[in-house]
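> Structure here, sequence nowhere to be found:
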């Protein structure tokens, strides 16, 4: 399938415009839902990986209760992902079902349109510390999402021994990078 330049340009512009509001929402979720918690509400970070084409990237998530569905088990999963230099976000409503003490099964679908793979289905498990989800798209793409809780900025800055010439902001960025690397190694 060949995509024309105007359609590609419009798609990239829409993706870029959608992402500008995500990062403040993610930071606010970190403050609103401090960890440790006994549920999965709040901010998450990790990686996605496609088993179909071996692509991967960063992944952030904000989980909130989904109002107005009439089902208390429905939750809003607002994802932000990178694909090389590009990033985009989308929201899916997933259902959480209890699966034992402090564990949930999650499932749901989201239609991203034919240009982006069609309808994606998500199935996985969650604890207050970790979310693992498998995804499958109509176009054949399939893979995994692995997420853990981010290190709170204040904790990261206080516990990281700064080296000469490094400021606290750089220390926090380094701690966040190490957290993402630990997530990858635990796979």
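Done, it's in. Everything numeric here is computed off the predicted structure, so don't read it as measured data.

> where does residue 69 land in three-state SS?
The local conformation at residue 69, judged by DSSP: H, G, I helix; E, B strand; the rest coil, is coil.

> and the end-to-end length of stretch 100-117?
Using C-alpha to C-alpha, to the nearest Å, the end-to-end distance of stretch 100-117 comes to 34 Å.

> Quick one: distance of it to the chain centre.
In this view, stretch 100-117 has its centroid 12 Å away from the chain centroid, taken as C-alpha atoms, centre = their mean, to the nearest Å.

> Next: stretch 124-140.
Averaged C-alpha coordinates place stretch 124-140 at 10 Å from its chain's average position (C-alpha atoms, centre = their mean).

> likewise stretch 63-72?
When distances are taken as C-alpha atoms, centre = their mean, stretch 63-72 is centred 18 Å away from the chain's centroid.

> What residues of it count as buried?
Using 16 or more other C-beta atoms under 10 Å as the burial criterion, the residues of stretch 63-72 that qualify are 63-64, 66. Glycine gets a C-beta too; all of them are placed from N, C-alpha and C.

> low-confidence ranges in the protein?
Segments of the chain classed as low confidence (criterion: pLDDT under 70) are 1-20, 153-187.

> Show me where it has its helices.
5-19, 22-32, 153-159, 168-185 (DSSP state H).

> which outside residues touch the longest strand along the chain?
When the chain is parsed with DSSP state E, its longest strand is strand 86-98. Outside of strand 86-98, the residues that reach it under the criterion C-beta atoms under 8 Å, 6 or more residues apart in numbering are 12, 15, 18-19, 22, 40, 66, 69, 71, 73-81, 104-110, 112, 120, 122, 126.

> switch to 7 Å and redo it
By C-beta atoms under 7 Å, 6 or more residues apart in numbering, the surrounding residues in contact with strand 86-98 are 15, 18-19, 22, 66, 69, 71, 73-81, 104-108, 110, 112, 122.

> same check, this time on stretch 36-43
Contacts of stretch 36-43 with the rest of the structure, by C-beta under 7 Å, 6+ apart, involve 26, 29-30, 33, 62-64, 102, 104, 126, 128, 131, 150.

> biggest separation within those, which pair?
Greatest spatial distance among the contacts of stretch 36-43 (C-beta to C-beta): 26 and 102, at 23.5 Å.

> more neighbours, these two?
A count of neighbours by other C-beta atoms under 10 Å puts residue 26 above the other of residue 26 and residue 102, at 20 against 13.

> who's in contact with the more buried one?
Counting by C-beta under 7 Å, 6+ apart, residue 26 makes contact with 43, 60, 62, 80.

> so the nearest residue to the second one once chain neighbours are set aside bridges to which residues?
Nearest non-adjacent residue to residue 60, counting by C-beta to C-beta, 6 or more residues apart in numbering: residue 80, 4.4 Å away. On the basis of DSSP bridges, residue 80 is bridged to residue 60, residue 89.
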